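**Q** Below are the sequence and a predicted model for it; my questions follow.
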Amino acid sequence: MRCAREGFYVGYLPLPSRHARLVRALVPMLFVAGVVVGAAFAALQRDSGSGTWESGRESEWEGTIVARPYPMLVEPNGTVRLLVEMGKRGARESVSVAEGQRVRVRGWRIERNGRTMIEFAPEDDAVVALGEGEVLGVAGRREIVELRGEILDSKCYLGAMKPGDGKAHKACATLCIDGGIPPMLFTDTGEHLLLAGPGLESARVIVREFVGEPVRVTGRRGAIGDLDVLLIGEGDVVRDP
C-alpha cells in the first residue's frame, strides 16, 4: 500500500491517485484527438463518385443495336445505353449478328450521373431479336473542339469500381479498354463523351497510353442519340501538364 501512496504503480494494488488523475484527463483527450484525426482523414479522401452497379437485380430493355464505334442500345426516345460483357470485355461478339436489329436485352444496370451501361446476363437469350430497327449514325457533327479531362474506361467509372478514375486506376482502365470497354473522356467541366476514331472505329490505340492521366483532347463533336461523341485521330490527345 505504501508503494501506491508514493505513486509507484503495482498491478495488483489500487492505482495511485496522481496516476488516476492523469488517466481521467488523458483518455478523453485521446478520444477527441482520434475523432478529429479520423474526420480529417476522411475529409481528405477523394470522392469515389455516385456510380451504381445493380449486380443483384436483373432488368430488361428494348431498342436498336448499334455496333459502331462500340456496342450500344438506342431506345426509341433516343436514350443510349452502352453494352458490355461480364468482366473486362466489350460486347461486340454478342451483338455482331444483331446490328441494326430491334432487340430485347437482359442484364444489369451500371449508372452514373444519368449515363447508363448494361452488362449482359451470361445466358444465350440475353439478346433477343424483335425485328428490323432504325439505322443510326453520328448526328450533329459540329466544329472542332478542345477539351480537358481524363480518359477512362466507361464501365469502371460509371459504377463497376469505386473509385474508377485517377492514376491508381490506370492499369485496370487500360486492361478494360484493351478488352473492348468503350473509352470515354470525362471533362473537367463534368461532361462525358464517348471517344471514337474518325471513321467510327475504336479509339483504343489512340488513347491507350493516356488513360488515367490529365489530357487535352481535340476532336469533332457529334452525338448518337443522347450520347455525346468525340471523333479523334492520331495526335489529337496530349498530356495536360
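**A** Yep, it's here. Residues are numbered from 1 along each chain as shown.

**Q** Looking at the biggest helix by length in the chain now, give me its mean pLDDT.
**A** If you go by DSSP state H, the chain has its longest helix at helix 17-44. Mean pLDDT, helix 17-44: 75.

**Q** Enumerate the positions of the helix or strand following that helix that are buried.
**A** Proceeding N to C from helix 17-44, the next assigned helix or strand is strand 52-66, under DSSP states H and E. The neighbour-count check on strand 52-66 (16 or more other Cβ atoms under 10 Å) flags 53, 61, 63-66 as buried. (Glycine included, C-beta is placed from N, CA and C.)

**Q** which other residues reach strand 52-66?
**A** 71-76, 79, 81, 83, 95, 98-112, 118-119, 121, 127, 130, 133-134, 136, 159-160, 224 (Cβ atoms under 8 Å, 6 or more residues apart in numbering).

**Q** Out of the residues you listed, which sit inside strands?
**A** Taking DSSP state E, the ones among the contacts of strand 52-66 that sit in strands are 72-74, 81, 83, 101-112, 118-119, 127, 130, 224.

**Q** Type out the ChimeraX command that picks the buried ones from those.
**A** The ChimeraX command for the buried members of those (criterion: 16+ other Cβ under 10 Å) is given here:
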select :72,73,74,81,83,101,102,103,105,106,107,108,109,110,111,112,118,119,127,224
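
**Q** CSV please, covering the buried residues of strand 52-66 and showing pLDDT.
**A** Output for the buried residues of strand 52-66, formatted as CSV (pLDDT from 0 to 100):
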residue, pLDDT
Trp53, 79
Trp61, 95
Gly63, 92
Thr64, 92
Ile65, 91
Val66, 90
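
**Q** Which members of those are the farthest-apart pair?
**A** Trp53 and Thr64 (24.7 Å; Cβ to Cβ).

**Q** Does the residue most central in space within the chain fall in a helix, a strand, or a coil region?
**A** Central residue of the chain (Cα atoms, centre = their mean): Tyr157, 0.5 Å from the mean position. With DSSP: H, G, I helix; E, B strand; the rest coil as the basis, Tyr157 sits in helix.

**Q** you'd agree Gly166 is up against Val211?
**A** No: using Cβ atoms under 8 Å, Gly166 makes no contact with Val211, being 10.8 Å away.

**Q** Compare neighbour counts for those two and give me the winner.
**A** Using other Cβ atoms under 10 Å, the more surrounded residue of Gly166 and Val211 is Val211, with 24 against 13.

**Q** Need the pLDDT of the more buried one.
**A** Reading off the model, Val211 has pLDDT 94.

**Q** Phi first, then psi, for it.
**A** Reported as degrees, to the nearest 10, the phi and psi values for Val211 are phi -60, psi 140.

**Q** beta partners of the closest residue to Glu123 other than its chain neighbours?
**A** Closest residue to Glu123 apart from its sequence neighbours, by Cβ to Cβ, 6 or more residues apart in numbering: Arg106 at 7.5 Å. Beta-bridge pairing for Arg106 (DSSP bridges): Glu60.

**Q** Numbering from 10 from now on, please.
**A** OK, 10 is where the count begins now, so the last one is Arg115.

**Q** what number of residues lie near Val104?
**A** When neighbours are counted by other Cβ under 10 Å, Val104 comes out with 22.

**Q** tell me the domain boundaries of this structure?
**A** The chain breaks down by automatic domain parsing into domains covering 11-53, 61-141, 153-248.

**Q** Tell me how far the longest one lies from the chain's centre.
**A** To tie it back to what came earlier, the one meant is domain 153-248. Domain 153-248 has its C-alpha centroid displaced from the chain centroid by 11 Å (Cα atoms, centre = their mean, to the nearest Å).
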